[in-house]
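**Q** give me coordinates for this.
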Amino acid sequence: MLEGAYFEQATRIAGWLAGSYPLADGYQRRVLEEAAPSMLRSAVSLVEEETGLSGVSEPRVAVIDRLRWVERNLASFSALLAPVEDKVETGLVEGGIGDSLSKRIVALEMGILLGLLSHRVLGQYELMIVSPQGGDEVCLPAPNILEFERRYQFRPAEFRFWVVLHEATHLLQFVGVPWLRSYFLDIASSLVSVSKPDESRLAVLVSGIQREGVGGLLSPGEAGIPGLMATPDELARLDKVQALMSLLEGHGHVVMDRIASRHLFTWRRMSALVTKRRNTPRVAAFLRLTGLEMKLRQYEEGRDFILHVERRAGWSAVDLAWQSPETLPTRSEIRAPESWLARVG
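**A** Numbering: from 1, shown residues only. Predicted structure coming up:
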């Protein structure tokens with residue numbers, strides 16, 4: 001979707017917002033780079049033992065800076081959107097918005113969003129991440145990890161392993177459940193492919209505000225301002241994405257905490273401070289407007305779903321969710337686990 005000058009425009013905007021961390025290129029980064037591969041191998045082994053998921057032969061990890069994180073995510077988004085690029089561009093031109101202007105708008109939005117998020121990401125498993133080796137690589141933004149552990153005086157070895165452990169869980173989820181990758185990519189792509197390109201985004205936003213009242217812009221709901229621009233079909237698909245992400249984040253959080261409780265002396269303090277960081281008012285306001293607030297709730301609702309299912313039917317019942325797309329919990333079932341248990345038996 002973004003290439004050439006537009007990719008560069010988004011990267012410049014994001015890079016300006018991302019800034020730098022003065023100690024990001026010191027000896028601590030070299031220590032992190034040297035230890036990261038063995039940390040990931042150890043984390044994968046522990047997650048395999050905890051969950052029964054397997055399939056990762058040689059996990060890969062990259063220690064990167066904020067700008068590289070932005071570039072990798074821009075490339076991944078472009079790859080995800082490529083199959084529907086022609087349809088969207090044609091519709092925008094027919095609707096009166098030129099291709100050049102539409103791409104400038106997208107570049108501006110993506111640059112701002114990724115630039116701001118680049119400060120907050122501690123680790124990322126991205127199944128479509130663009131790298132010389134292809135996908136299925138864990139990346140660690142060194143400036144954020146080093147800055148965060150220094151600010152809160154974490155034990156570097158424990159904090160870094162704790163971050164890697166979370167990403168190793170997501171890696172095993174997508175590699176260990178054979179159909180999950182294609183299912184996720186299909187529903188993510190469908191969010192774009194079902195959109196109505198002949199309708200101005202601004203017009204949809206205005207319509208949404210009128211529908212929700214004067215306060216609609218300031219209280220846009222779970223999906224944020226993008227939700228006001230979404231059609232009913234898009235909202236239905238967004239529910240599927242959110243349900244899946246809640247399951248993945250909740251499962252990952254429970255698995256990470258259980259392993260950490262046995263191997264990391266300071267895991268409770270690290271978990272508490274990271275949670276507090278997510279819930280600061282300024283951050284919450286930004287995430288609410290962008291629709292990313294769901295990410296915060298995914299941890300809580302998904303974790304509660306996993307723990308409830310385990311209490312009622314044992315850990316083996318949790319594994320029923322991985323059988324097929326049909327056994328995945330819906331958005332409403334994440335909030336009402338008993339209804340999911342009744343449906344899947």
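
**Q** quick check: buried residues in the lengthiest helix in the chain?
**A** As assigned by DSSP state H, the longest helix anywhere in the chain is helix 232-263. By neighbour count with 16 or more other Cβ atoms under 10 Å, helix 232-263 contains the buried residues 234, 237-257, 259-260. For the C-beta atoms, the positions are set from N, CA and C on the backbone; glycine is no exception.

**Q** which neighbouring elements make contact with the very next helix or strand once past that helix?
**A** Sequence order places helix 267-278 as the next helix or strand after helix 232-263, per DSSP states H and E. Helix 267-278 sits against helix 156-176, helix 232-263, helix 293-313, with contacts defined as 3 or more Cβ pairs under 8 Å, 6 or more residues apart in numbering; DSSP states H and E.

**Q** so which of the ones you listed comes closest to Tyr21?
**A** Checking the helices and strands packed on helix 267-278 against Tyr21 by Cβ to Cβ gives helix 156-176 as the closest, at 14.7 Å.

**Q** quick one: average confidence on the closest one?
**A** In this model, helix 156-176 carries a mean pLDDT of 95.

**Q** again with stretch 266-274
**A** So the average pLDDT for stretch 266-274 ends up being 90.

**Q** next, the buried residues of that stretch.
**A** For stretch 266-274, by 16+ other Cβ under 10 Å, it's 267, 269-271, 274.

**Q** quick one: which of those is nearest to Ala75?
**A** Val274 (27.3 Å).

**Q** for that closest one, give me its contacts.
**A** Applying Cβ atoms under 8 Å, 6 or more residues apart in numbering to Val274 gives the contacts Leu122.

**Q** that one and Leu23: what is the separation?
**A** Distance of Val274 to Leu23, given as Cβ to Cβ, to the nearest Å: 20 Å.

**Q** then Pro37?
**A** 22 Å.

**Q** same question for Gly52.
**A** Taking Cβ to Cβ, one finds Gly52 at 40 Å from Leu23.

**Q** low-confidence regions, the stretch 51-200 of the chain specifically.
**A** Residue ranges of the stretch 51-200 of the chain with pLDDT under 70: 79-102, 126-135, 191-200.

**Q** the strands in it, which residues?
**A** 60-64, 124-126, 137-141 (DSSP state E, counting those that start in this stretch).

**Q** and of the helices and strands packed on helix 267-278, who's closest to Leu122?
**A** Of all the helices and strands packed on helix 267-278, helix 156-176 comes closest under Cβ to Cβ, at 5.0 Å.

**Q** I'm done for today, thanks for sticking with me.
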